[in-house]
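1. Please work out how this folds:
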Amino acid sequence: MDPPWSHPLPPALHSTRDSGDWSAQYHANSGWVYDDRYERNRETNIHWPFQSRAEWRLGKFLAENLMQAQINAFLKLDWLDSQKPSFSSARQLLDWMDALLSGLRWQVMELEVDGYNMEKKIELIYRDGLEVVESLFRNPIFAQNMMFDPLHVWRNVECEYGEWFTAREATRIQDTLPEGATLVPIIAASDKTPVTRHTGSLEMHPLFLTIANIDSDVRMKATAYAWHCVAFMPTVKFDVHPDYQTILQARLWHRCVDIVTEKLKCAANVGEFMTDPFGDVWHCFMPLIAKANQLLGIHLLFFRNWKNSNPSCFLVPKVLHSLHKFFWDHVLKWCKEVVGTDELDARYKVHHKCVGVRHFNSGISCATQMTGHEYRDIQHTIVAMITGAAPPAMVWSIHALIDFIYLAQRHVHTESSIGDMEASLAEFHATKHSILEAGGRAGKDNFNIPKLELMLSFADAIRRSGGLIQYSANVSERLLITHCKVLFTWTNRQSDFAEQIIHLLDREEHIRLLDVYLLLCKHDEPLVNAAEDEENLCSTDPASTWISHVAPGEQHHFKAPRSIRNLFTKSLMSNGATAVLSITVTPDRSKLEIADISNLYALPDLTTRLNEYVARHRESTTSSPTPQVFDEIAVWYKFCIQQYLTCRPSVIMPSQVVQAQPPSSDFPFGNCDITTWAVSYMMYISRMANVLLIHTVHVAEVRAVFQLIHSCRSHDLPDFLSQPLLYVRPFHVIATPDSQPDTHLWILERVYSPSSPQAPACRMGFILPLTEVTHAVDLVPVFGEKVDCTLTMVSSQERYDHFYLNSYASKEDFDMLYTLGQM
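-> Numbers count the residues shown, from 1 in each chain. Predicted coordinates for the structure are as follows:
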């Protein structure tokens, strides 16, 4: 801040002729110039007030991970005597962090409710909604992940609905705006959450905002910082009858949102010129397109004067509450009533466990608290689990409803997929009487359930607003944890804890922004994310993509969503080029002979099957079928498979682990997953056991993963022997979805060799290259009316011979198998 007398006299006040003595003095309290207090110091040291990049990293680590007392204890360590940092205490370090270039300003407003006296003040802590939106719109991190114009997308002459800009409402609103106007659609989320555990009753009620210009894949990651906390609503208890408590709180909430969004609504009505990440200026209008909260008993709704904000449009159904919570509150209860809690628990207990998939070791009824993740995990197998124990007509109704739930979660829809979704819901309503007849509704004779009625609006909501999954409450639920519950543990838990949380949020934002800025300056890069995805893959974390482009290897210094490792760059490609397979560089066992593997995996016919594999691939079958061209064999207990999303080919899925562990004390029959295989070698692998699914929908269990090793480099192994191989035991299809209207699932049966007086029937096996695998699937045993109580998850897959090919194991499995079942 420069002193007021340091400025020269304005030219307009200069005398044109000498008029004697003349003096002037500026007002001491006006015209101050504010700037970064460390700007001049950073001209010579960009890390100022820190001495170096290393000291900045140390300070950042301490501020983000340790309490003040812990920081002070760390600074007193003898180890630091020879290299003490320039900050000597936690207070000094945090003061430096707080003095960094700040972001948006927080405000505090004291409110009163006419006619009601409150013991404590009602304070609204907020940031201006328009400033928050402008910050998101110009954020350079999202430069490569933004849309500005409505567009129509067609797939095979059908209109496609995905992002909000591809839906009908975007075009409708654009048609009402002045020529050249740009839409900046607002998405809001708000919910109340307790911040104390077991004791106390402290609550927080934050309001979050984002804009639909940012790609939905990015917005759906809470740690991508595409959402900003814009306000903390006051949580007060009125001294009134309980019947009026909720109404008064709702009215106060709407009044607060009205204050926060005042300028935002003005901009929505008349427009606002805003700058994008590249410095271009746009004439922006900001309709509210997604929000749902507290509408009962309110006469002054916050959106009453918000242009192009229609409740029938922006009250978008939430997948978490409208589907997954509905399943938990109603569908699962119907199944428990009919099948029985003990029987249903037993079935979930003995289900084969796969890596990365939740297994309910104690059943599904003993959990005291469930989240959306558990709701979905139970959905994955509920149809196959109740089959046999529930009447077929009820299973038919349940499977139709689960079909609707899965179809409604697609990221991208067409009129055909919407038609399939509506048909599944109509199928449920046509068969739901079977649930009443089976006693699933526990004495009730109707389905008067509001969320069930809400499902009738899903089709129109998708046409208006795009894929519903992008508005899922999963993100806001996560934000409640990161912005309230976690930060509350860093406060002193006194009455001003909300102000302390704001301070912590500001500090976190300062550190994050400066960290990126310092990295870009160090590498002399522009302050706009110009990193293009060279592999043409969609990234859900633009910050990490930018950082990896600027400085590979620096991503671990930044908080970001857990990245998906791309195996397509350096792994084995499947024959159909639709998946990649990966094994570790170092095998789990090496230097083995065929006899060793036969004993290790209990595969007495391994040598015979290897001879058959070699014979199939040799040009002449007259030569010796047992090649002595390898010295040893290496084995792996698992491999990974990775694919692109079927509905979005530019998005890579997380890799899946397929197990093939030999028998052991923990797994007497081995621990293997299931796959599918075909004569055309278009194979798929199940999550349950390593099984290969073929184009003709035959299935097999992967029992071993091995590779022949030839130590003599003068003679290379043929291509069909030099790659990793699989020993599999096949299944075959005995029933198709069309023949199973109750479950609409494939039924598979293990394949046995013909029995004879000399040799009893045994399970058949054969050898395939690892590159034949293209997908992982899941199998669920056909339990019948009662599950065998002597079985466990270790033995169930081995003891049963008939299985359901589970099309609900994941949304990707459902999309693939649902389409295959429609053929």
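
2. just so I have it, where are all the helices in the stretch 551-700 of the chain?
-> Taking DSSP state H, counting those that start in this stretch, the helices of the stretch 551-700 of the chain run over residues 594-601, 606-617.

3. wait, the stretch 701-823 of the chain
-> Ranges of helices in the stretch 701-823 of the chain, per DSSP H, counting those that start in this stretch, are 719-722, 796-799, 811-822.

4. what sits up against the longest one?
-> The one in question is helix 811-822. With Cβ atoms under 8 Å, 6 or more residues apart in numbering as the contact definition, helix 811-822 has outside contacts at 403, 406-407, 409-410, 643, 645-647, 653, 684, 697, 736-738, 744, 746, 775, 777-778, 805-808. No exception for glycine: its C-beta is placed from N, CA and C like everyone else's.

5. buried residues in it?
-> Buried residues in helix 811-822, counting neighbours by 16 or more other Cβ atoms under 10 Å, are found at K811, E812, D813, F814, D815, M816, L817, Y818, L820, G821.

6. Now do the same for the last one: its pLDDT.
-> In this prediction, G821 carries a pLDDT score of 62.

7. same question, the third one
-> In this prediction, D813 carries a pLDDT score of 84.

8. can you give me the strands in the stretch 201-350 of the chain?
-> Along the stretch 201-350 of the chain, the stretches classed as strands by DSSP state E, counting those that start in this stretch are 203-211, 228-233, 272-275, 281-285, 288-290.

9. So for K333, which of those sits nearest?
-> Nearest to K333 among the strands of the stretch 201-350 of the chain is strand 203-211; the distance by Cβ to Cβ comes to 28.7 Å.

10. Paired strands for that closest one, with orientation please.
-> The strands that strand 203-211 pairs with in its sheet are strand 186-190 (antiparallel), strand 193-194 (antiparallel), strand 228-233 (antiparallel) (by DSSP bridges).

11. quick one, which of these is nearest to D377?
-> When the strands paired with strand 203-211 are compared by Cβ to Cβ, strand 193-194 sits nearest D377, at 23.0 Å.

12. residues making contact with the closest one?
-> Residues outside strand 193-194 that contact it (Cβ under 8 Å, 6+ apart): S201, L202, E203, M204, H205, L480, C484, K485.

13. Could you identify the most distant pair in those?
-> Distance extremes for these: the farthest pair is S201 and L480 at 16.5 Å, using Cβ to Cβ.

14. Quick one, which of the helices of the stretch 701-823 of the chain gets closest to V395.
-> helix 811-822 (16.0 Å).

15. if I read this right, Q68 contacts Q92, doesn't it?
-> No. Judged on Cβ atoms under 8 Å, Q68 makes no contact with Q92 at a distance of 10.8 Å.

16. Now for the residue nearest to D596 when sequence neighbours are not counted: which residues touch it?
-> Nearest residue to D596 in three dimensions, chain neighbours excluded: I633, at 7.6 Å (Cβ to Cβ, 6 or more residues apart in numbering). I633 makes contact with L592, E593, I594, D596, I597, F706, Q707, L708, I709, according to Cβ under 8 Å, 6+ apart.

17. I figured the last one hits E593, correct?
-> No. I709 lies out of contact with E593 (Cβ under 8 Å); the separation is 11.0 Å.

18. Just give me the neighbour total for the nearest residue to F630 once chain neighbours are set aside.
-> Spatial nearest neighbour of F630, excluding adjacent residues (Cβ to Cβ, 6+ apart): L708 at 4.0 Å. L708: 20 surrounding residues under other Cβ atoms under 10 Å.

19. which residues does L708 form a beta bridge with?
-> Bridge pairing for L708 (DSSP bridges) gives the partners I633.

20. same question, M109
-> L124.

21. Just to check, it is in contact with I259?
-> Yes. Here M109 reaches I259: they are 6.6 Å apart, a contact under Cβ under 8 Å.

22. who has more neighbours, the two?
-> I259 (17 against 14).

23. Tell me who's in contact with that one.
-> Contacts of I259 (Cβ under 8 Å, 6+ apart): M109, L124, Y126.

24. What pLDDT does the model give the first one?
-> In this case it means M109. We have a pLDDT of 87 for M109.

25. confidence score at F314?
-> Listed pLDDT for F314 reads 83.

26. the helices in the stretch 251-400 of the chain, which residues?
-> With DSSP H, counting those that start in this stretch as the criterion, the stretch 251-400 of the chain has helices at 262-270, 311-314, 319, 325-326, 332-339, 341-350, 372-379, 382-386, 392-408.

27. Tell me which of those is the most buried.
-> Each of those was scored by mean neighbour count; the highest is helix 382-386, a mean of 26, by mean count of other Cβ atoms under 10 Å.

28. ranges for the helices of the stretch 401-550 of the chain?
-> Ranges of helices within the stretch 401-550 of the chain are 415-431, 433-437, 450-454, 458-465, 474-480, 486-488, 497-522, 542-550, based on DSSP H, counting those that start in this stretch.

29. so which of these comes closest to F326?
-> The nearest among the helices of the stretch 401-550 of the chain, by Cβ to Cβ, is helix 450-454 at 4.4 Å.

30. Name the residues of that closest one that are buried.
-> Quick answer for helix 450-454 (16+ other Cβ under 10 Å): L452, L454.

31. mind checking how far it is from the chain centre?
-> Chain-centre distance of helix 450-454: 26 Å, with Cα atoms, centre = their mean, to the nearest Å.
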